[in-house]
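Trainee: Below is the sequence, then the predicted model.
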Amino acid sequence: MANTLNKIEIVTDFLHLQIREITDVGYHRRVLTPDMTLADDEHQEVKDKAEELWTDEVKTAWTTFQAEQEAKRNPE
């Protein structure tokens, strides 16, 4: 049985998509970030929400944030 999409929440300043799906045994949760490539078999509602929210500006801000965090963890 395929998971049934139950909820999409928008979290963080970088518009991560927090997904909740119903499975045979309960819930499955996952988070999608703007740098991810969505799978071909992703729920269409999730694809539409990502396309709407993940503008080039949001993607650039997320990439910049990740680079800044990496620099803090590994100073030269």
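Mentor: Perfect, thanks for sending it. Numbers count the residues shown, from 1 in each chain.

Trainee: Quick check: longest helix in this protein by residues?
Mentor: The longest helix of the chain (DSSP state H) is helix 56-73.

Trainee: Okay, buried residues for that helix please.
Mentor: Buried residues in helix 56-73, counting neighbours by 16 or more other Cβ atoms under 10 Å, are found at residue 62. Where C-beta positions appear, they are placed from N, C-alpha and C, glycine not excepted.

Trainee: So which other helices or strands are in contact with that helix?
Mentor: Counting contacts by 3 or more Cβ pairs under 8 Å, 6 or more residues apart in numbering; DSSP states H and E, there are no secondary-structure elements packed against helix 56-73.

Trainee: For that helix, give me every contacting residue.
Mentor: Under the criterion Cβ atoms under 8 Å, 6 or more residues apart in numbering, residues 13-15, 33-35 lie in contact with helix 56-73.

Trainee: any idea how far residue 50 is from residue 59?
Mentor: From residue 59 across to residue 50, the span is 10 Å (Cβ to Cβ, to the nearest Å).

Trainee: actually residue 21, not the one I wrote
Mentor: The span separating residue 21 from residue 50 equals 16 Å under the rule Cβ to Cβ.

Trainee: hang on, the earlier thing: what do residue 59 and residue 50 both touch?
Mentor: A shared contact of residue 59 and residue 50, defined by Cβ under 8 Å, 6+ apart, is any residue touching both; here these are residue 34.

Trainee: on that earlier part again, now restrict the contacts of helix 56-73 to buried residues only.
Mentor: Applying the neighbour count, that is 16+ other Cβ under 10 Å, the buried entries in these are 14-15, 34.
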